[in-house]
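Undergrad: have a look at this prediction, sequence included:
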Amino acid sequence: MSDWITITIDGKEIQAKPGELLTEAAARAGIHIPVFCSHPKLDPLGACRMCLVEMEGRRGKMLVTACTTPVNDGMVFYYNSERARDARAGTLELILANHPLDCPICDKGGECDLQDHAMRHGPGESHYWEPNRHKEKNYPLSDLIVLDQERCIVCWRCIRYLDEWEDKPQLGLFQRGADTVIDKFPGGDLDAYTSGNIIDICPVGALTNRLARFRFRPWVLEHTNSICTHCGMGCNLRIDTRDFRVRRNVARANEAVNETWICDKGRFANGFVFSQQRLTQPLARIDGELRPVSWPEAIQRVVDGLKRVAAKEGPAAVGGIGSAKLANEANYLLGKFMRALVGTNNVDFREGSSLKADPRGIPSIQAAREADLVVVMGSDPSEEMPVLANLLKRAAKRRGAPVIVIHPRRIELTKYPGVHFHPQPGDEPPLFDALTKATLQARGQAVPDWLAGAEVTDEVKEAATLLVNAQNPFIIYGTDYAWGYGSASIVQALTNWVVASGHGDRLGFLHAQANAVGAADVGLLPDMLPGHRPLSDAAARAELEALWGASIPTQPGLGYSGMIASALGRIKALYIMGADPVGEKPSYADHLKALEFLVVQDLFLTETAKLADVVLPAASYVESNGTFTSTERRVQAAPQAARAVGDSLPDWAILMHIARRYAPDKADFWRTASAPAVFEEITRAVPQYAGMSWEGLGETGQQWAWDALEVSRKLAPYAKLEPAPLEKPFTFRLITGNLLWDDGNTFAATERLAQLGHKAAWLHPDDAAGLDLSEGDLIAVRSREATLELPLHISRRVLPGTVFVPFSLKDAPVGELFDEFGPRTTVAVYRA
Amino acid sequence: MSVKDLVQGAEYIAKSMGVTLKTLVRESPVTVEYPDQPAAIYPRFRGRHELRRYENGMERCIGCALCEAACPTGAIYVLAAENDPDNPVSPGERYAEVYEVNLMRCIFCGDCERACPTEAIVLGHNFELAQYERVNLILDKEALLNPPTPNVIIRPDA
């Protein structure tokens, strides 16, 4: 805004923007008016009266709340007048009248707004000698958050956060006057996925973190500005440690990404770092048993094993599997090791070549804040990326953006107006064809022959019109459509629709994993070199061969599932880093057992690691330096915050040791001695990262440009998708997907979280009634491949005729059910 | 050396020996037979730390770590935890799960005493701190709650 206005505070003229709040204008001039209820990310309310100032009005001076007063040209305020100071001191005295004097045991003590304001603005002594009112001191609001009603000063920040950002008003005010307390609504739960943010914004110690409670005083904590690696959002957080141990995670501001919010998984699920289950020393299989060995011996065994297989069966018999949860450095070095030293292109990760994803992720998270239409296809942001979901909810609720949802389940976003389609697995392409046809018709363009037969309903027409007319649509598709059988057809079909609407360049893929973009960027793909350059790209090959000091094989390698499937055939040795294929699909164990040599590098002794010949203990991202690339291509640094557990080493360091022992003659190309140095090498190997540096990433990361990588999107016909047959007894369509409260290794290690969520098979009430099943019954889900037994959860979020089994359940790995139709198979459901 | 000097020297020796001889017979000895007898100290003597309890047996310490914050040498380490409501260690919600004083670092300034809101940590009268092992100079909660009886008496003139 160009035109500034002038206001006067305490006789000093101050430039301000018209209409901004007095607190903001004053803060710019260095006058920090104390507030409790006001928060830059919440709507103004004026509940606490802490910010009283005098304003020159028509009838003389009057007290107003600075946090709710928009400024206008020529307004005159008195912040430091006696009356204003008295008013603020009086407010504090009243707030403190019933506030308990338990600062010594309060987790907020030391970073408490009330302490600070009382010292600076308080009266120093109280008129009140009567005993305090007593309320509930230990009142659990949920499994994660506890409320101390005595400490609460009723500023409403928590209530407003849940309402304005989560759109889940789960807390309210009860009673009147001095008896007012914050509480859940009768019969309701506090289960919003970002509820932990109310701990951060509570200005006093009323809301505290139940998992971290009493384990620290704020002044003893060491702060490390890091990021969260539970999903692809790349939220910025601060890891607070003491004695080299993680005490708590709190949100850190990054206006472009998470603003100041993080989800409860990022905040609470940090128990994996110091879990008792962590591997603390290398293990090697000696006489059929995994026994502790020294690092030099473990590395020698790895080198000998890989060399033996490569010499006997050829380099193509060796493969490397990385992980979208690990840093760029680890994935880059694994790719470099396999390609340059072993001489194979068999490198991939689970979400790698098998995912029909846009390698660039989504255009930007910022786009969600400006969206006038939200289109979500085959993804459930509420479960996969709650902080992004909040942005989408705000777009819908506050700016009235319609929401188009195309998903096999009734996901949370379907509560917003718009058009919602719930095609069953296999029915997606016809729906997208219809949308494409309606869109082309709406834009007056010719409809190609292969779309002529598509059936356009009123709803389809409405959705098509919405997208055609939108100026800034936020369009994403997710793993549910981009993975497994038929995904190529579905993704082409949905791309057709978006391209037809003219918004083709806005279509983004929501990567669910922290570093899925980065792992592909650094070339951990069987057919791609670093920088998304094909193996056949001669210039890229020459450049990398010079950097790596070795020639790169020309034959494309096998992908993730290809390598594991071929473990019964031509693959004889695998190096698995941070992946657990057996945990995902137990029958993979037979494949891995057939290998001559298996190395597993992980935090835990996973089901896969139990089969390994050598197990290498890795340090988690909290204990090592690394960079991660989020789904909006933002490269962010995650510096070391804690000392590594036991003898564990960072992934990049382990690979460096192995490489130097594997090829001593090439040691000159393996000299980098730190993760930032490895990142420096990455910036030379990956053109998109050129010019970046570890220091240059700073606190908020650096994004590589959306158009730094060409991805062609065209309207094109595709192979017809044959859905799995619905035949007796396989009468239900299987649906899979991610839940926030899953059971994965890094999540379940935080014991307090393990019981949250519905670790069950979900059925629609009508289907449950038809099968005479009730909530919690043990049911069997049987496919042509296998049977899973798990409890039943009845929910209207799933549609009749489908059964939803989430990913990553410990005792019921849904991968076991997949047959030739992969995750889009049909199953039988019956009482176990 | 003159004769005068010799005479004067003899006189001084006789005078001082007189004091010695007078004290030898007239007054009882001032030497404290420590450790056979207790040492006499002032009541505010600052010796080995103790953690105190309430009369009902509950620990006074609430694990607030203000002593740790006040300590100028970083000799104190406190890790607090949440009380089990059925079996509380201290009144209220919080208690010190770990409380350690490193006597090698402590300078016995008494700031911890002054910072303590519940008068839990006090500097006692025990000054017999010598140990053969360094590790024994780190007092844990067990040692702090059960201090040895000091071999001292309060000075009568205090």
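TA: Now that the structure is in, tell me what you want to look at. Numbers count the residues shown, from 1 in each chain, chains lettered A, B, ... in the order given.

Undergrad: list the contacts for the closest residue to chain A within chain B?
TA: Ranked by C-beta to the nearest C-beta, the top residue of chain B for proximity to chain A is residue B:64, at 3.4 Å. Placement of C-beta: from N, CA and C, glycine included. If you count contacts by C-beta atoms under 8 Å, 6 or more residues apart in numbering or on different chains, residue B:64 has them with A:104-105, A:109, A:217, B:78, B:80, B:94, B:117.

Undergrad: can you flag the buried ones in the residues you listed?
TA: By the neighbour-count criterion of 16 or more other C-beta atoms under 10 Å in any protein chain shown, the contacts of residue B:64 include these buried positions: A:104-105, A:109, A:217, B:78, B:80, B:94.

Undergrad: in space, what's closest to the closest residue to chain B within the stretch 651-800 of chain A - neighbours in sequence excluded?
TA: The minimum distance from the stretch 651-800 of chain A to chain B, using C-beta to the nearest C-beta, falls at residue A:752 (12.4 Å). Distance criterion C-beta to C-beta, 6 or more residues apart in numbering or on different chains; nearest residue to residue A:752, sequence neighbours excluded, is residue A:211 at 5.3 Å.

Undergrad: ok, longest helix in chain B?
TA: What stands out as the longest helix in chain B, according to DSSP state H, is helix B:3-26.

Undergrad: may I see the buried residues of it?
TA: Of the residues in helix B:3-26, none is buried under the neighbour-count criterion (16+ other C-beta under 10 Å).

Undergrad: what's the first helix or strand after that helix?
TA: Remark: after helix B:3-26, the chain's next helix or strand is strand B:39-41, criterion DSSP states H and E.

Undergrad: stretch B:53-61 near chain A at all?
TA: No - using C-beta under 8 Å from any C-beta of the partner chain, stretch B:53-61 stays clear of chain A, coming no nearer than 10.4 Å.

Undergrad: skipping adjacent residues, who's closest to the residue in chain A positioned nearest to chain B in space?
TA: Among residues of chain A, the one nearest chain B by C-beta to the nearest C-beta turns out to be residue A:104. It sits 3.4 Å away. By the measure of C-beta to C-beta, 6+ apart, the closest residue to residue A:104 outside its immediate chain neighbours is residue B:64, 3.4 Å from it.

Undergrad: just the CA coordinates for the longest helix of chain B, please, in CSV.
TA: Below are the C-alpha coordinates for helix B:3-26, written out as CSV (Å, rounded to 0.1, in the frame of the first residue of the first chain):
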residue,chain,number,x,y,z
VAL,B,3,76.1,-5.8,75.6
LYS,B,4,72.9,-3.7,75.6
ASP,B,5,71.5,-5.8,72.8
LEU,B,6,72.2,-9.0,74.6
VAL,B,7,70.5,-7.8,77.7
GLN,B,8,67.5,-6.5,75.8
GLY,B,9,67.2,-9.8,73.9
ALA,B,10,67.3,-11.8,77.1
GLU,B,11,64.6,-9.6,78.5
TYR,B,12,62.3,-10.1,75.5
ILE,B,13,62.8,-13.9,75.6
ALA,B,14,62.0,-13.9,79.3
LYS,B,15,58.9,-11.8,78.7
SER,B,16,57.5,-14.0,76.0
MET,B,17,58.4,-17.2,77.8
GLY,B,18,56.5,-15.8,80.7
VAL,B,19,53.4,-15.5,78.6
THR,B,20,53.9,-19.1,77.5
LEU,B,21,54.5,-20.4,81.0
LYS,B,22,51.6,-18.4,82.4
THR,B,23,49.2,-19.8,79.8
LEU,B,24,50.5,-23.3,80.2
VAL,B,25,49.5,-23.5,83.8
ARG,B,26,46.6,-21.1,84.2
